[in-house]
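# What would the 3D arrangement of this be:
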Amino acid sequence: MASQEYVKLAQSLPPRLLRFFARYPPPAAAFINRASSSVTTSLNTSSADPNASQEENSVPDTPPLPYPNPFQSHKHPASGKWHDPVYSLRRQADLVKLARANGVEELLPYTVKGTEERIARRREQGLRVKGTGVGQRPKGKLWERTMKGRLEKRRQAMLEMPQMVQQWKQLGHGRGWKKWPR
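Next up is the predicted model:
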């Protein structure tokens, strides 16, 4: 019964996801978790050290993959050289969006572009926009920063306008206006 469900799911996936899952099939434990409708475990953040080994970079809650994670760099066992990820961060983000839209995101290998990882990072770091912290204001353009002072000057000038008109009339409608001290 469950295998027919997986066949229908596979037939409804876009070709890009089908090619990815053909090349990097999800472990069988992911299918068991999906069939039992268990709650997915939250992903831990990966090590910030780029020279960390594959075992340190992988998430301990996920089952081990029979192949290196295509979303992370890994060290070749024989040569000891580091190999770049197969998928760039942009392509990872595209695959994650596509998988999320089709409801199979939890079948993808661990990636920093995953929804849980992004939520965890946002929770840790918050918005990283300058001036959005407590007691801060964004820099803004020069006209935005000086607008408050200009509007206050205009308001004061409008309040003093009746006195200025009265003085202008007393001094001869503009004659001798230049002599008037401001």
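
# Against Val112, how distant is the residue nearest to His74 when sequence neighbours are not counted?
With sequence-adjacent residues excluded and distances taken as Cβ to Cβ, 6 or more residues apart in numbering, His74 is closest to Pro68, at 4.3 Å. (Each C-beta comes from the backbone N, C-alpha and C, glycine too.) Applying Cβ to Cβ, to the nearest Å, the value for Pro68 to Val112 is 16 Å.

# out of the two, which sits in the busier spot?
Pro68 (19 against 16; other Cβ atoms under 10 Å).

# care to break the protein down by domain?
In terms of domains, the chain is parsed into 2-125, 144-179 (source: automatic domain parsing).

# pLDDT on the last one, on average?
It stands for domain 144-179. For domain 144-179, mean pLDDT rounds to 88.

# Pull out the buried positions in that domain.
For domain 144-179, a neighbour-count test (16 or more other Cβ atoms under 10 Å) marks nothing as buried.

# Which strands or helices does the helix or strand encompassing Leu9 pack on?
For Leu9, the enclosing helix or strand under DSSP states H and E is helix 2-12. Packing contacts for helix 2-12, counted by 3 or more Cβ pairs under 8 Å, 6 or more residues apart in numbering; DSSP states H and E, involve helix 28-35.

# Give me the average confidence score over the helix it packs on.
For helix 28-35, the mean pLDDT works out to 62.

# just checking, next helix/strand downstream of the helix holding Leu9?
helix 15-23.
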